[in-house]
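*Asks:* missing the sequence, but the structure's below:
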């Protein structure tokens, strides 16, 4: 049911012109990015692969196994699509909305949380945010990554 709702959300949106060029314009996200807050280190690595952007997110906490998720940004008929692949859950697609240079806002209103995945260049850093409505209230999580050379 959840996947059907997510797909219905994507189908209802107007088709984007040239999804492949939308994906190519997001190449600024490539590289390895890291943020450390206290004892938690979060790292995202993005690379271009066969016309898509493929990412791995890893969260490290002292004394706990790493939490790893996979992500991809692909050219789909509805437009550039961010898909989160979290262990134990079905892949969740988010469609790219219009955004400015150095910004990507992906949305899936049918998903429980998050409903939006946002990446933005903040100077030389990468700002990332997930957000959505939970119980009628906007909830969010944010990261501010520094590129590792």
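*Replies:* Ah, there it is. A quick note: this is a predicted structure, and the numbers were derived from the prediction, not measured.

*Asks:* Give me the phi and psi angles of the residue with the largest distance to the centre of the chain.
*Replies:* Most distant from the centre of the chain: residue 63, at 26.8 Å, with distances by Cα atoms, centre = their mean. For residue 63, the backbone dihedrals (degrees, to the nearest 10) come out as phi 80, psi 0.

*Asks:* again, but for residue 85
*Replies:* Residue 85 adopts backbone torsions of phi -120, psi 90, taken as degrees, to the nearest 10.

*Asks:* which residue packs closest to it, ignoring adjacent ones?
*Replies:* residue 70 (4.2 Å; Cβ to Cβ, 6 or more residues apart in numbering). C-beta: built from backbone N, CA, C; applies to glycine.

*Asks:* contacting residues around that neighbour?
*Replies:* 54, 55, 56, 57, 84, 85 (Cβ atoms under 8 Å, 6 or more residues apart in numbering).

*Asks:* Assess the claim that the fifth one and residue 92 are in contact.
*Replies:* Yes - using Cβ atoms under 8 Å, residue 84 is in contact with residue 92, at 4.8 Å.
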